[in-house]
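Q: For reference, the sequence and a predicted model appear below.
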Amino acid sequence: MSEKQFDFSIRMDKEDSVPKEEDFDFAIKPDTKGPKTVAVLMLFGGILLLLLAYGDFQLSQKEDLTQAEIDIVLETPNSDIDTEITTEDYQKFHDSARQGYLIRGAGLAISGALIVLGSPYLFMLNRKGALLGIEGAAIGLVTGVLGSVLINNSAEQYLSGALLLTYRILMYLCGVCMLVCGALTSLPLLNARARMALNGGHKVKLATNQDTESE
């Protein structure tokens, strides 16, 4: 048998040995679902604030509570503590807390109205909706906490036991809820993709070029 010898020669041109430049195109798409979801939550949250404001406004305008209303409120607290809260004490608390109810009710009404008004704007991807929501949450935070503090001060003066603890918890709960509401309404402005959707849906492209030197 004859042996065959194969010679393989590999030729590599200079331009073939250097990888071609590649452009990496990253298209960041706007997020339209996020702001719309926040808008729906804003609508329900604003309606809830309006209902709470209505309840506070009713309490602020009511001068004298009926005996039946006071009995319903005091039934459980008086069964848990040794010193009972009298009807006169609770009536004095109510009279002292009416200003706090009025401040909190007015503030929550304005807050709820702004949030409800901003909801359709945000659903239509208008940044005005997020700004209205933030303003409403800020007003609700200030007036809600201020009114709750006044109510809690009245409770400390005339009430005791579990009922006093309830009003103290409500004071902190009001502040926490309004902070959460403010954080929620500001999400469309903090998130980059959601903010792009509010600005008209522009895309951002990042081009990366890799340069290599040939040897």
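A: Arrived safely.
Q: Buried residues, the lengthiest helix in the chain. List them.
A: The longest helix of the chain (DSSP state H) is helix 87-123. Neighbour-count burial for helix 87-123, counted by 16 or more other C-beta atoms under 10 Å, picks out 89-91, 93-94, 96-98, 100-119, 121-123. Yep, even glycine has a C-beta here, placed from its N, CA and C like the rest.
Q: ditto for stretch 56-67
A: Neighbour-count burial for stretch 56-67 [16+ other C-beta under 10 Å]: 56-57, 59-60, 65.
Q: residues in contact with that stretch?
A: With C-beta atoms under 8 Å, 6 or more residues apart in numbering as the contact definition, stretch 56-67 has outside contacts at 87, 90-91, 94-95, 97-99, 101-102, 104-106, 108-109, 147.
Q: try 6 Å this time
A: Stretch 56-67 is contacted from outside by 94, 98, 101-102, 104-105, using C-beta atoms under 6 Å, 6 or more residues apart in numbering.
Q: now do stretch 119-132
A: Applying C-beta under 6 Å, 6+ apart, the external contacts of stretch 119-132 come out as 35-36, 39, 42-43, 114, 117-118, 185, 188-189, 197-198.
Q: Equivalent analysis for stretch 164-178, please.
A: Identification of contacts with stretch 164-178 by C-beta under 6 Å, 6+ apart yields 137, 140-141, 144-145, 148, 151-152, 155.
Q: Name the nearest residue to residue 178, ignoring sequence neighbours.
A: Using C-beta to C-beta, 6 or more residues apart in numbering and skipping residues adjacent in sequence, the residue nearest residue 178 is residue 141, 3.9 Å away.
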